[in-house]
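quick one: sequence plus predicted model below, questions after.
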Amino acid sequence: MSFREIAFTIRAVNRASNEFNRIQTDAESLAARVKTLGSVIAGIGAAGTAIGYVANQFGLLNDAQTRVFNSTMLVVTTLGMFMRTSTGLAAAQKVYSAATAVATAVQNSLNISFGTFLALTGVGIGVIVAAAAAMMTFANSMNSATTSVQTFNDTTSDLQTRSRSITRSGEAELYRRGVE
């Protein structure tokens, strides 16, 4: 392996390492955000449960309403606590990964459609130019044919009705009667 090949390999590894480091940083940042969101949701659930008990004490909610409200807040608290676990983080990262894959597919399809548009536009313009050139060539050939026919007609109209100087006997009588 030459020094140049080694340098190229090292540069490629370094660039790839930077991308992997960026992906790791993004994943850690997402994990921190999901944990924070989980804490906030768990706090909202716990506060909601406390509000439900206080509302029952002041008579704003009856016992059945308090049980339903507190059960809902317990589900919210459980969801928040689940988001703080590694399983919750993994689920959030899977959702994020799926969303990124969908966004990539959409971007690729847009790129393909834009490339197709450009190709068809170029081909369309080429077809229009070729059709215009063919029409111009056809028009020129028709003009030449028309000129040729007009020249022939002018030449034949200048000839005498009878171009022969020798007439046979009885032919003059036929010409007078209009039989040719």
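All right, it came through fine.

buried stuff in stretch 23-34?
Using 16 or more other CB atoms under 10 Å as the test for burial, stretch 23-34 gives Ala31, Val34. (C-beta placed from N, C-alpha, C; glycine too.)

contacts for it?
Met83, Gly88, Leu89, Ala92, Gln93, Tyr96 (CB atoms under 8 Å, 6 or more residues apart in numbering).

once you drop chain neighbours, what's closest to the fourth one?
Distance criterion CB to CB, 6 or more residues apart in numbering; nearest residue to Ala92, sequence neighbours excluded, is Val34 at 4.4 Å.

how close does the one you found sit to Ala132?
Distance, Val34 to Ala132, using CB to CB, to the nearest Å: 62 Å.

now swap in Gly80 and tell me
Counting by CB to CB, the gap between Gly80 and Ala132 amounts to 69 Å.

settle it for me: which of those two has more neighbours?
Neighbours were counted for Gly80 and for Ala132 using other CB atoms under 10 Å; Gly80 has more, 20 against 10.

so what's the more buried one up against?
Leu37, Gly38, Ser39, Val40, Ile41, Ala42, Gly43, Ile44, Gly45.

please identify which helix or strand holds it.
Here Gly80 sits within helix 63-84, counting by DSSP states H and E.

same question for Gly59.
Gly59 belongs to no helix or strand when assigned by DSSP H and E.

tell me how many other residues crowd it.
Gly59 is flanked by 7 other residues according to other CB under 10 Å.

could you list the domains of the chain?
Domains of the chain are assigned by automatic domain parsing as 1-84, 86-161.

centroid-nearest residue for this protein?
Among the residues of the chain, the one closest to the centroid is Leu110, at 2.7 Å (CA atoms, centre = their mean).

for that residue, give its distance to Tyr96.
Distance of Leu110 to Tyr96, computed by CB to CB: 21 Å.

same thing with Asn62?
42 Å.

these two: which is more packed in?
Using other CB under 10 Å, the more surrounded residue of Asn62 and Tyr96 is Tyr96, with 14 against 10.

in contact with the more buried one, which residues?
Leu30.

can we see that at 10 Å?
Contacts for Tyr96 were tallied using CB atoms under 10 Å, 6 or more residues apart in numbering; they are Asp26, Ala27, Leu30, Val34.
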